[in-house]
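*Asks:* Quick one, structure for this:
(chains A and B)
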Amino acid sequence: MIPQLVTLRYRSTGSRGLRLYVPVVPVVLVLSPLLLLAVLGGLVACPFFQVSPAGALRGTARLLWALPGTRIDLDDGQTTLLISVR
Amino acid sequence: MNEQRRQVLEMLAEDKITTDEAERLIDALGRQEPGPGPGAAPSHKPRPKYLRLLMLDNSADEPSRINVRVPLLLLRAGVQLTSLIPPQAVTRINAELDKAGVPIDLAELRPQQLEDLIDQLDDVTVDIDDADSKIQVFCE
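*Replies:* Here you go, the predicted model:
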């Protein structure tokens, strides 16, 4: 399943911090024209770099599908960063 | 814990037997316990889904903490992407690795080998416990 929600939390001493919830599907839909252009550009670039376009598409799709469940949580006492993909 | 083992431990706690005797008795009980019968279903350990890295560092004034959870599927997908590295990039990477004293030829690294490596990660546990810091890497 593709990621549904990406959560980004950033807090630093002396700042208010940032909390961002990104619903992936609506954002992808809104940005779909740009994404389509990017995919086409990538496919055109593949032969120049001797990379299989089908393999590249498959690999990227696998990577996206595998992202849910990823969680990165860093805290160095002054700065806190959380990235979570669900 | 079964009843016989409990009795042995109770006897040890009451100083009725020595630790050596308790050890021998527990060993003997372990040998007596029947293994799974031929008809018994093999026990399936659930396969881990995530690679987890935990780090706690108290050496600085303020303690720092890292908690990373990466799906093993993501590692597999990343490994499969290595087959898409352009040949000229592989040559340059090899040259740089060689310069850094790591003579690894990436062209010789097959995706299947990396897949096997990730499969074996299930049993890997790294546990480093220092006076000021603690690092744990395991699959869950």
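*Asks:* which parts of chain A sit against chain B?
*Replies:* Of all the residues in chain A, those in contact range of chain B (Cβ under 8 Å from any Cβ of the partner chain) are A:49-52, A:55-56, A:59-60, A:62-63, A:65-78. In this view, the C-beta of every residue, glycine as well, is placed from N, C-alpha and C.
*Asks:* Make a ChimeraX selection of the buried ones in these.
*Replies:* To isolate the buried subset of these in ChimeraX, counting by 16 or more other Cβ atoms under 10 Å in any protein chain shown, use the following:
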select /A:51,56,59,62,63,66,67,68,69,70,71,73,74,75
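*Asks:* Show me the residues of chain A next to chain B that map onto helices.
*Replies:* Counting by DSSP state H, the members of those that fall within helices are A:G55, A:A56, A:G59, A:T60, A:R62, A:L63, A:W65, A:A66.
*Asks:* can you redo these as JSON lines with pLDDT?
*Replies:* As requested, these are exported to JSON lines (pLDDT from 0 to 100):
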{"residue": "A:G55", "pLDDT": "87"}
{"residue": "A:A56", "pLDDT": "88"}
{"residue": "A:G59", "pLDDT": "88"}
{"residue": "A:T60", "pLDDT": "89"}
{"residue": "A:R62", "pLDDT": "89"}
{"residue": "A:L63", "pLDDT": "90"}
{"residue": "A:W65", "pLDDT": "91"}
{"residue": "A:A66", "pLDDT": "91"}
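*Asks:* quick one: which helix or strand includes the residue lying farthest from the centre of chain A?
*Replies:* Taking Cα atoms, centre = their mean, the residue of chain A most remote from its mean C-alpha position is A:G14, at 28.2 Å. Following DSSP states H and E, there is no helix or strand that holds A:G14.
*Asks:* Residue of chain A nearest chain B, please.
*Replies:* A:G77 (2.5 Å; Cβ to the nearest Cβ).
*Asks:* Next, give phi and psi for that residue.
*Replies:* Dihedral angles of A:G77 (phi, psi; degrees, to the nearest 10) stand at phi 90, psi -40.
*Asks:* B:S59 is in contact with that one, correct?
*Replies:* No - in this structure A:G77 lies outside contact range of B:S59 using Cβ atoms under 8 Å: 11.4 Å.
*Asks:* Name the helix or strand of chain B that has the lowest mean pLDDT.
*Replies:* Among the secondary structure pieces of chain B, namely its helices and strands, helix B:19-32 has the lowest mean (mean pLDDT, DSSP states H and E), a mean of 75.
*Asks:* now that one, how far from the centre of its chain.
*Replies:* When C-alpha coordinates are averaged (Cα atoms, centre = their mean, to the nearest Å), helix B:19-32 and its chain have centres 29 Å apart.
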